[in-house]
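1. Please find the sequence and the predicted model below.
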Amino acid sequence: MQLLSCRLQRVRLHDDLSFQFGRQLTLIGGPNESGKSTVVEALHKGLFLRSTATGRGVEELRSRLYGGLPEIEICFAACGQHWTLRKRFAGAGGTCQLSTPAGESLRGSAAEERLAELLGMEGPVEGRRINQLPERWAHLWVRQGESGANPLAGKPESYDYERLITRLQGQSSSEALQSTRDSQVLEQLQQRIAPLFTATGRIKAGSPLAQAIELESNAQRKLEQALQRLQDLEQAMERWRSLSEQLERIEQDQLPGLRQELQQQQHLRLQRAELEPLQLQINNLRDRNRQRLELEQKQQQQSQEQAQLQQELERLDHSLSEQLQQQNTRQKNIDAQQQRLKQLRSGQDLAQLLLDLAQLQGEQEQLEAHQQRLQFLQQQAQGLKDALAQMPPITADQVRSLRRAEQALAQANARCEAMAASLEVLEADQPIRADAALLQVGDRQQLTEATELRVGEGVRLRLSPGGGQALPQAKQELQECRRTYQTLLESLGVSDSEAAETIELQRRSHERDLANLRQAAQEIPWSGLKERLEAIAPRRQQLRQRLQEQSEVLEQWSQEHPRGDLLQLERAGLEQWQQSLRRDALELERELGLAQREHQQLQHQLQQHRDGLQTKRNRMEQLSGALALLKERLEPMQPVGQDAELELQLESQLQQRLQQLALVEQELEQRLQQRRSAEGGEPTAVDILLEQTIKRKDQLLSERGQCEQLCTSLGSSNPAAELEQAQADLEQASTERDRLELEGRALLLLQERFHEAQTQLSNRYSEPLRTAMNPYLALLVGEPQQALLNFDPQEGFNKLQLLQQREAYDFDRLSGGMREQMAGALRLAMAEVLQGAYDGVLPLVFDDAFTNTDRDRLSLLQGMLQRGMDQGVQVVLLSCHPEDYRPAWFEPSRAPELKAQKNPPELLEGIERIEVRLTR
Amino acid sequence: MLSILHSADWQIGKPFARVQDPDKRARLRQTRIDCIARIGDRAQEQAASLLLVAGDLFDSPTPSSSDVSAVCQAIGRLQIPVLVIPGNHDHGAAGSVWHQAFFQAEQQRRAPNLQVLLERKPLVLQQAIVLPCPLLRRHESDEPTAWIRDLDWSELPSDRPRLLLAHGSVQGFGADDLDADEENPASDRNRLRLDPSLVDLVDYVALGDWHGMKQVNAKSWYSGTPEPDRFPRNADYQGAQVLAVQVSRGGMPQVHPVATGALHWLHQRVEFKQPEDLKRLELLLQEHLGDEPGQHLLLLEESGSLSYEAHQRYGALLERLEAQLLRLKRRGRCGLAADVGELDQLTSRADDPLIASVARGLQADLDNREMPPQQRALLHQALAELHRCVGI
């Protein structure tokens, strides 16, 4: 199939583009956005997309610049003829026309089908299956950006797999790789396996094998059910038998036994009831005898007790009178002691009164002494204060300031004198005047300033002391000091510092004396002295009055005291007497306390005696009453002997009857014991047990009825026969399942072996393709490099690798440049192999396919492409840089030499190489 | 001298579920009922005055009413008393056939000569004392003959033979395996202890349970089933008779089998090594089976293998046998093994490289003698399938 020319109308940015294809090479150059890729897509869609397609595939062709529908016309040669294809993409109204110069013209679907046939396809791509479009001739149509992709990575259909295999097989020198019969057998196997197993080898639902497995499973379940049914029947029968045995035991053994036991119990109760009056009579007799004996015994005991009590009462009476006498004596002693104590306490009060009087007297005397001393001190202080008031108030600091001023004045005076000129009149015969003052012989004058000295009338001398300005300053300081000193003297009112110091010393002495007087006065409690003195008189009056009131006591104690009149006693004497009284009183109090406690104890004992006596008297009265009652009760009673004889007779009768009953009781006890051990605890009452047993019997009868029904129900279908049938069914199902399983596994095994055999033979497919590819690679790279390729009957070609120095590199691991070059080599080889099926030529479109290739390898790449062209491949090269390719093919001097060509040019039409330039 | 017939294991109502054809199944069942009449004939021939059935008269404790009715009718036609004990198949538990009102009514109406012995106590007849050991459940926990050892013989007449009637297996006799097969598993329950202390007390022990005739000791016999219901395991197996017994008190019984069977249960082993073996089998079967259809049942125990072509012929033979026989049961497997020519046809296909390669691979695997049998069978099957696919 050779592209001859094309015309694109209203396709994206092409309004009307038409050009011819070169027989070997068509170089379409143009800058970006000049519509190169549009040409590639438009040609591809023209060839493979149904003209009536709608949707994205067609929308992408529409031009936004030029009105109207996109229209594509492609002229090509195929099947020995020229064809003109015109497609107008107008959605559902699109048209397709395919015509030959000979006049054959097809339209619509017929044209589409014929076109697909010419291109080796089953049909055009529908609009809704636009995703399939890129897979059409994907090995021949290298779109921009896809040049580095592995051409074998897609589905086998995308690289014309079937045709490629056929071609490769045709090229193989060895025997056929797979015969028709081989294919038929494999197909037959697949057809037989398909209904049995899924693609992953699992058993398909609904398949005969799955049905057989299900049948077997059902048969197994039915077998289990049948077995269960048989077991149920056997169990029901066994239960029936057990129930019958239990019922038999109840009817023949338990129920009669219980009924007999119940009868015996009733008989026993009746007999016991009959014996009760006899027993009662015997008991009465026994009670009477016992009662009489008890009463007599009681009477004797109480009489004895009465006698003992009488004696004791007499003894107690005597003892009580003695205790009473003792108690009276004690009471008198206590009274005397209490009287004496009272007396001592009045003596103490008196002593205190006298002591208070003496105390008051002492207080008065002390207060008066204080008053005198205070007055003396106040007089002295007043004298000192007066003396101080007369002296100027000179302090020690002031004295020190005066002394400092005095010294400063002396120093200033000395300095002036030292600097002043001295003038002394030793002899004078004329009046000498210094300034105005007349100097006498012997006068000395200190000149501290320029002084005019006149001697006589005619002599005038000016005397100036030396020292310049220092003298006036000294003079000024002297005056200053003098003024200060004078001021101080005046403020202190003294003539000099000595006088001031004397005064200051005197003042200090007076102030010290005054402080001493104050200190002495502070030691005297002078506050309220007068009031306190005045308060003493009423207190004394009170005390004297109280003393007056106790004059009798005073009199009494004065007589008792060895020194007579107590009023004459001094304070110490009084204190001593009071102390003596306190000691006596304390001693007496202690004695009195002891006596009182003893008295109380005796009183308590006395009360106890009285209570005891009363109790015994009461008891005496009780005993007298009780004895009288006993006597009354004993009088009507029979003598003991008569009752005893009657009792013996009755007792004998009773024993005989009781022995008879014991036998029955023993029998009952045995039964009870049996039931006790059977029930494992306290046995149930017979009547209840009888009732329970009857209920149990009814229950068992009911259960037996159920069992009977169950047996009838289960036995109606003969479970044993059913079981055998189920076993037979299972065996049959298992056999069938085994058969089918073996058959299925055998088929799977065969299929697997076929695939293995195919794989083993597959190298024969990959080898011719590798052989076709390697010369291209050899042109591309100098060093020995080979392509490696694998073939899988199911997955097609895969594992494309590059063998470099014995190291195999996966295609995906190669560099970008190498990937696009190797992919290019493979595409060229595939086109070369495939073109035999397409009239010996196939177009191979590269849209910007070598962008990653180094410029210095460009010539090698061009060599590779040239080899493709030489082998008959029609290369269509689209590039932004057509100048890269121009020197090789479009400049005659550097055009590669035409080698022996597979497809001689005369067989193909058109110009060998054409360059198309697109502009923006 | 008392003449009796001893039989057991009639197993009326046995379903023969493994026989696919319902007509044949019905035929097999009917034959067992018909056998009762044949036993009646033998009784007359032997002038037997009593027929003892030592258990398993029915195949299950709940047989169908039609079987009950048919059995009662058949027994009723016999001229002699028939004494029956329940066996493990038709044990006498409450709810079993023996207690059912229908059976009791049918028995009274159709077979007054039939007496079912459900209690372990002596039955004193004019001619003999019968000591029944019925099984009252499928698996008895106690020894069924134990009660006889404690029997007070002084209360029984001493002038007539004592016949012990029991159903169960006998330990140490080794006949279990002979009697059982995959369709009739043996049971070691209901063991009978037939030691001299027991056997010496009686004059004849009529046993049931084993379907082949067997003498246990001088006085104890298994009669076997009168109409076989399984394939014989070996040539010694005797399973189509009743025992005619002459017995007297204190004497040794005289026992001889009397044939009663109608159908022929054959067991044929065949090992296929070469195609001629198939021919030989055909001839052998022709000889055994004759031309009369519907009288035979055949267990074909296969081993070895046949070529694809022979296997096809074998298939045709089996088809014919299926039609002719009441039952064809196959045990074992006749393998498929290509002969040299067939194998060559597969492996030497120069034009079909895949087929040849696969066939050679499979054959190479089969040449490995250590291959497990299952894997080998799979490989043979695969090769056969390939042969079929190729359609040679």
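-> Here it is on my side, so go on.

2. what residues does the stretch 251-392 of chain B put near chain A?
-> Proximity of the stretch 251-392 of chain B to chain A, by CB under 8 Å from any CB of the partner chain, involves residues B:349-355, B:357-358, B:361-362, B:377-379, B:381-382, B:384-386, B:389-390. Every residue, glycine included, has its C-beta placed from N, CA and C.

3. mind listing what residue 36 touches?
-> Going with chain A. A:Ile28, A:Gly30, A:Asp847, A:Asp848, A:Leu878, A:Ser879, A:Cys880, A:Leu918 (CB atoms under 8 Å, 6 or more residues apart in numbering or on different chains).

4. You answered for a different chain; I wanted chain B.
-> B:Trp10, B:Val71, B:Ala74, B:Ile75, B:Arg77, B:Leu78.

5. how about 7 Å then?
-> B:Val71, B:Ala74, B:Ile75 (CB atoms under 7 Å, 6 or more residues apart in numbering or on different chains).

6. pLDDT score for whatever residue of the stretch 801-920 of chain A ends up closest to chain B?
-> Going by CB to the nearest CB, chain B is nearest to A:Val833 of the stretch 801-920 of chain A, at 21.8 Å. For A:Val833, the model assigns a pLDDT of 86.

7. next one: phi and psi at it?
-> phi -70, psi -40 (degrees, to the nearest 10).

8. Tell me who's in contact with it.
-> With CB under 7 Å, 6+ apart, A:Val833 has these contacts: A:Leu164, A:Arg167, A:Leu168, A:Gln171, A:Pro768, A:Leu769, A:Ala772.

9. Turn those residues into JSON lines, including pLDDT, secondary structure and distance to chain B.
-> Formatted as JSON lines, the contacts of A:Val833 follow (pLDDT from 0 to 100; DSSP: H, G, I helix; E, B strand; the rest coil; distance: CB to the nearest CB, whole Å):
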{"residue": "A:Leu164", "pLDDT": "82", "secondary structure": "helix", "distance to chain B": "20"}
{"residue": "A:Arg167", "pLDDT": "79", "secondary structure": "helix", "distance to chain B": "19"}
{"residue": "A:Leu168", "pLDDT": "77", "secondary structure": "helix", "distance to chain B": "16"}
{"residue": "A:Gln171", "pLDDT": "68", "secondary structure": "helix", "distance to chain B": "17"}
{"residue": "A:Pro768", "pLDDT": "76", "secondary structure": "helix", "distance to chain B": "17"}
{"residue": "A:Leu769", "pLDDT": "80", "secondary structure": "helix", "distance to chain B": "20"}
{"residue": "A:Ala772", "pLDDT": "84", "secondary structure": "helix", "distance to chain B": "23"}
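
10. Report the buried members of those residues.
-> Buried by 16 or more other CB atoms under 10 Å in any protein chain shown: A:Leu164, A:Arg167, A:Leu168, A:Pro768, A:Leu769, A:Ala772, out of these.

11. Give the rounded mean pLDDT of stretch A:668-683.
-> 79.

12. from the chain's centre, how far out does it sit?
-> 67 Å (CA atoms, centre = their mean, to the nearest Å).

13. again, but for stretch A:733-753
-> Relative to its parent chain, stretch A:733-753 has a centroid offset of 62 Å by CA atoms, centre = their mean.

14. and if you look at stretch A:151-167?
-> Centroid separation for stretch A:151-167 versus its chain: 63 Å, with CA atoms, centre = their mean.

15. residues making contact with that stretch?
-> With CB under 7 Å, 6+ apart as the test, stretch A:151-167 has contacts from A:120, A:135, A:138-139, A:765, A:796-798, A:800, A:823, A:826-827, A:830, A:833-834, A:836-837.

16. what helices or strands is the helix or strand hosting A:Gln673 leaning on?
-> Of the helices and strands defined by DSSP states H and E, A:Gln673 is found in helix A:640-679. On a contact count with 3 or more CB pairs under 7 Å, 6 or more residues apart in numbering or on different chains; DSSP states H and E, helix A:640-679 meets helix A:255-390.

17. Report how many residues lie close to A:Glu708.
-> Number of residues near A:Glu708 (other CB atoms under 10 Å in any protein chain shown) recorded here: 17.

18. One more: A:Gln24?
-> 26.

19. thinking again about what came up before, can you tell me which of the contacts of stretch A:151-167 are buried?
-> Buried by 16+ other CB under 10 Å: A:120, A:138-139, A:765, A:796-797, A:800, A:823, A:826-827, A:830, A:833-834, A:836-837, out of the contacts of stretch A:151-167.

20. Give me the residue ranges of the stretch 551-700 of chain A where confidence is low.
-> A:638-643 (pLDDT under 70).

21. Going along the chain, name the helices of it.
-> A:551-560, A:571-634, A:640-679, A:686-715 (DSSP state H, counting those that start in this stretch).

22. which of these sits most buried?
-> helix A:686-715 (a mean of 16; mean count of other CB atoms under 10 Å in any protein chain shown).

23. and that one, how far out from the chain's middle?
-> On CA atoms, centre = their mean, the centre of helix A:686-715 falls 65 Å from the chain's centre.

24. Which neighbouring elements make contact with it?
-> Using 3+ CB pairs under 7 Å, 6+ apart, helix A:686-715 sits against helix A:208-249, helix A:255-390.

25. Quick one: closest of those helices to B:Ile85.
-> Closest approach to B:Ile85 among those (CB to CB): helix A:208-249, 16.8 Å.

26. okay, residue 392: pLDDT?
-> With no chain named, the answer covers chain A. A:Pro392 carries a pLDDT value of 82.

27. look at chain B instead
-> pLDDT, B:Ile392: 65.

28. hmm, back to that, against A:Thr166, how distant is the residue of the stretch 801-920 of chain A closest to chain B?
-> Using CB to CB, to the nearest Å, we find A:Val833 at a distance of 10 Å from A:Thr166.

29. Quickly find the element holding B:Gly304.
-> B:Gly304 belongs to strand B:296-306 when assigned by DSSP H and E.

30. Who are the packing partners of that strand?
-> Going by 3+ CB pairs under 7 Å, 6+ apart, strand B:296-306 lies up against strand B:264-272, helix B:275-289, strand B:327-332, strand B:335-336.

31. repeat that for 10 Å
-> When contacts are defined as 3 or more CB pairs under 10 Å, 6 or more residues apart in numbering or on different chains; DSSP states H and E, strand B:296-306 sits against strand B:264-272, helix B:275-289, helix B:308-324, strand B:327-332, strand B:335-336.

32. could you give the angle of it to helix B:308-324?
-> Put simply, strand B:296-306 runs at 170 degrees to helix B:308-324, going by axes from the mean of the first three to the mean of the last three CA atoms, to 10 degrees.

33. Mind listing what's buried along strand B:296-306?
-> Under the neighbour-count criterion of 16+ other CB under 10 Å, strand B:296-306 has B:His296, B:Leu297, B:Leu298, B:Leu299, B:Leu300, B:Glu302, B:Ser305, B:Leu306 buried.

34. Please apply the same query to stretch A:450-465.
-> Under the neighbour-count criterion of 16+ other CB under 10 Å, stretch A:450-465 has A:Thr451, A:Leu453, A:Arg454, A:Val455, A:Pro465 buried.
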